[in-house]
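[1] With the input below, show me the fold.
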Amino acid sequence: MHHYFAVHKPYGYLSQFKNNQRRKKPLLQELHDFPEGIMAVGRLDAKSEGLLLLTTNGKWSHYLRSKKFEKEYYVELGGVPSEESIEKLRKGVNISIEGKTYATLPAKVSCILKPSLKFIEDRQVRKKQHGPTSWLNITIKEGKFRQVRKMTAAVGHPTLRLIRMRFAEFQLDPLIEGQVRPLSQSELNKIEGFACQS
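    Next up is the predicted model:
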């Protein structure tokens, strides 16, 4: 019997269950009593937040990480990008992956107002005197290492905050920061092409 969870990963947590780094950081295992064999479906780095899916089903994890499924992010940038920069992100930009140039696939990108979510309001990443910030909604079908951060850097705007809001049909809302909940069978059934029995 396999297990499936949605987690609102807080800032600073590692998307793993064993700390292989010298510096101590909180791990996902501190949020819940997970079953043996649990794994993250595509990681979020320690500085990233939001929706993380966990499962004991390796085949389901592999299937969800394919380019069939979208991953949607709210991204806070340093500075305000021009329409030209946004269009570059939409069409694809060149980033470095393992020392090689990689052209990202077309993405959905739009400007948004600062999201009115409590966990966003609770943590400010830049003081006003250090310059303006702006927010984008970015949706991709890839998951290269630190891809969104590299994409925004490629058009001259560092990512200050990265929050995954959606993965395939699964939404972050209404999970609160640090919350873990099992996925229901009806939710699992929404993933087309994979018969998933919990």
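
[2] Can you name the residues that contact the residue positioned nearest the centre of the chain?
    Closest to where the C-alpha atoms of the chain average out (Cα atoms, centre = their mean) is R164, at 3.5 Å. Applying Cβ atoms under 8 Å, 6 or more residues apart in numbering to R164 gives the contacts 44, 48-52, 71-73, 172. Glycine gets a C-beta too; all of them are placed from N, C-alpha and C.

[3] Would you mind measuring from it to K59?
    Separation of R164 from K59 (Cβ to Cβ, to the nearest Å): 22 Å.

[4] ok but Q29 is inside a helix, no?
    Yes: under DSSP: H, G, I helix; E, B strand; the rest coil, Q29 falls within a helix.

[5] Once you drop chain neighbours, what's closest to it?
    The shortest distance from Q29 to any non-neighbouring residue, by Cβ to Cβ, 6 or more residues apart in numbering, is to F17 (4.7 Å).

[6] and the lowest-mean-pLDDT helix or strand in the chain, how far out from the chain's middle?
    Across the helices and strands of the chain, mean pLDDT, DSSP states H and E gives its lowest value to helix 118-121, namely a mean of 86. Counting by Cα atoms, centre = their mean, to the nearest Å, helix 118-121 is centred 17 Å from the centre of its parent chain.

[7] Counting by contacts, list what the helix or strand just after it packs against.
    Later in the chain than helix 118-121, the nearest helix or strand by DSSP states H and E is strand 133-140. The elements that strand 133-140 packs onto, with contact taken as 3 or more Cβ pairs under 8 Å, 6 or more residues apart in numbering; DSSP states H and E, are strand 71-78, helix 83-91, strand 108-112, helix 147-154.

[8] Now render these as CSV, adding mean pLDDT.
    Listed next are the helices and strands packed on strand 133-140 as CSV, based on pLDDT from 0 to 100:
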stretch, mean pLDDT
strand 71-78, 97
helix 83-91, 97
strand 108-112, 97
helix 147-154, 97
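
[9] between the ones you listed, which gets nearest to K118?
    Between K118 and the helices and strands packed on strand 133-140, the tightest spacing by Cβ to Cβ is seen for strand 71-78, at 13.9 Å.

[10] Just the angle for the closest one relative to strand 133-140, thanks.
    Interaxial angle of strand 71-78 relative to strand 133-140 (axes from the mean of the first three to the mean of the last three Cα atoms, to 10 degrees): 160 degrees.

[11] export strand 71-78 as PDB, just CAs?
    Taking Å, rounded to 0.1, in the frame of the first residue of the first chain, the C-alpha atoms of strand 71-78 are listed here in PDB:
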ATOM      1  CA  LYS A  71       4.400  23.500 -12.000                       C
ATOM      2  CA  GLU A  72       3.200  27.000 -11.100                       C
ATOM      3  CA  TYR A  73       5.200  29.400  -9.000                       C
ATOM      4  CA  TYR A  74       4.800  32.900  -7.400                       C
ATOM      5  CA  VAL A  75       8.100  34.600  -7.800                       C
ATOM      6  CA  GLU A  76       9.300  37.800  -6.100                       C
ATOM      7  CA  LEU A  77      12.000  39.500  -8.100                       C
ATOM      8  CA  GLY A  78      14.500  42.200  -7.400                       C
END
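
[12] Right, I'll call it a day here.
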